[in-house]
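*Asks:* This is a predicted model, with the sequence first.
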Amino acid sequence: MSRTGRTRSHRSKKKRITLALAPVAALAVIVPLMNQANAATPSEVTADCSADSDKLANCEFVDVQFKANSLGPNERVSPVSDNCGSTSTATKTFNVSTSVTRTLQVEEGTVTEAGTKLGSSLFEVGLEFSTSTINITRDDKTTTLAFSRTDTVQADSTAFYMWSAKRTDVSGFLKATYKEAQDGQTVFFAPSEGAATVHVFYPQILNNGTPDGRLWLRNVKCETTAADSVPNSTKALQSESEQAGFGQGGDNVTDVEIPLTEVPAP
């Protein structure tokens, strides 16, 4: 009987020790998780840099690689002239208008304005890539291309002008320095140090001050699948990003490139 009583007492002490240690272990797990929550995430860094947050001492774009003469999105830059149902060509006047500016792309499909601190950094980085042969727009001022031109619309077709801006694509990452330490540090990166997923597009400019790029007249046969997807006065507008590139419209689409030397200077 006495042996059984000692055994019961020994087991009870082990349980008490285990229960006493459990809260301590749980506390040790909570502490590092709380510290991690205070660190600036890449999305927060991007937001703070874009908004020129007061929490920042500085924000800069760090370039990793670049590609000159990169073509931008394919855009329709004139109203559509309709010559559907006609068996002969028609002469039409097209009013063409577009503009380019320096843009910052922080993730695929997302373009954001840059705050004062980051904007200054983008200007400084742009200085590296402006040369005697390639003149780029380093600031966020808009440069326009606007003119009127008479061209031929094919029989039973619609026609309009297309444009793709030529630009220098510089990729890298954002480096943000906060005024107060977060999780023991003040410097954070978006998306990460050494990454090349943040893009800054510097439009390339011709000597006459107009944007450089590819300009073409596009004719589309009426009552075809291609015509159904073309934005014009009678059909729904198509997203600019979905426009086919030069020479990529298919059998019912005819593209004729217009040399920029034929475009009147501003």
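*Replies:* Yep, it's here. Small disclaimer: the values here were computed from a predicted structure and weren't measured.

*Asks:* Tell me the bridge partners for A190.
*Replies:* Assessed by DSSP bridges, A190 has beta-bridge partners L174.

*Asks:* One more: L215?
*Replies:* Residues in beta-bridge contact with L215 (DSSP bridges): W163.

*Asks:* That one and D255 touch, don't they?
*Replies:* No. Contact criterion Cβ atoms under 8 Å: L215 and D255 do not qualify, at 10.6 Å. From N, CA and C alone the C-beta is placed, and that goes for glycine too.

*Asks:* Mind listing the shared neighbours of those two?
*Replies:* Common neighbours of L215 and D255, using Cβ atoms under 8 Å, 6 or more residues apart in numbering, are M162.

*Asks:* Please name the nearest non-neighbouring residue to S50.
*Replies:* T112 (4.7 Å; Cβ to Cβ, 6 or more residues apart in numbering).

*Asks:* confidence score at the one you found?
*Replies:* What the model reports as pLDDT for T112 is 88.

*Asks:* Give the burial count for it, as a bare number.
*Replies:* 16 (other Cβ atoms under 10 Å).

*Asks:* isn't W163 right next to T210, touching?
*Replies:* No. Counting by Cβ under 8 Å, W163 stays clear of T210, with 11.5 Å between them.

*Asks:* Okay, strands next: where are they in the stretch 151-266 of the chain?
*Replies:* 157-182, 185-190, 198-205, 213-221, 253-257 (DSSP state E, counting those that start in this stretch).

*Asks:* Single out the most deeply packed of those strands.
*Replies:* strand 198-205 (a mean of 23; mean count of other Cβ atoms under 10 Å).

*Asks:* got the buried residues for stretch 72-87?
*Replies:* G72, N74, R76, V77, S78, P79, V80, S81, D82, N83, C84 (16 or more other Cβ atoms under 10 Å).

*Asks:* between those residues, which is closest to Q105?
*Replies:* Closest approach between these and Q105, by Cβ to Cβ: G72, at 10.9 Å.

*Asks:* one step back: would you mind giving the buried residues of stretch 72-87 as TSV with distance to K117 added?
*Replies:* Formatted as TSV, the buried residues of stretch 72-87 follow (distance: Cβ to Cβ, whole Å):
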residue	distance to K117
G72	26
N74	33
R76	36
V77	34
S78	39
P79	41
V80	43
S81	47
D82	49
N83	52
C84	53
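
*Asks:* Show me the two of those residues that sit farthest apart.
*Replies:* G72 and C84, at 30.1 Å, using Cβ to Cβ across the buried residues of stretch 72-87.

*Asks:* Secondary structure element holding G119?
*Replies:* Using DSSP states H and E, G119 sits within helix 116-129.

*Asks:* So what touches that helix?
*Replies:* Everything outside helix 116-129 that qualifies as a contact, by Cβ under 8 Å, 6+ apart, is 49-50, 52, 56, 58-61, 63, 66, 68, 102, 104, 114, 136-140, 168, 170, 174, 200, 202.

*Asks:* What ranges in the stretch 151-266 of the chain fall below the confidence cut-off?
*Replies:* For the stretch 151-266 of the chain, applying pLDDT under 70 flags the ranges 225-242, 266.

*Asks:* Tell me the secondary structure of the nearest residue to E223 once chain neighbours are set aside, please.
*Replies:* Among residues not flanking E223 along the chain, C84 sits closest, at 7.4 Å (Cβ to Cβ, 6+ apart). At C84 the chain is in coil, as set by DSSP: H, G, I helix; E, B strand; the rest coil.

*Asks:* Please tell me I have it right and C84 contacts T224.
*Replies:* No. Assessed by Cβ under 8 Å, C84 is found out of contact with T224, at 10.6 Å.

*Asks:* Nearest to the spatial middle of the chain, which residue is it?
*Replies:* Nearest residue to the geometric centre of the chain (Cα atoms, centre = their mean): Q105, 2.9 Å.

*Asks:* thinking that residue is in contact with F201, fair?
*Replies:* Yes. Q105 lies in contact with F201 (Cβ under 8 Å); the separation is 6.9 Å.

*Asks:* what distance separates stretch 246-264 from the middle of the whole chain?
*Replies:* 25 Å (Cα atoms, centre = their mean, to the nearest Å).

*Asks:* Fine, thanks again, bye for now.
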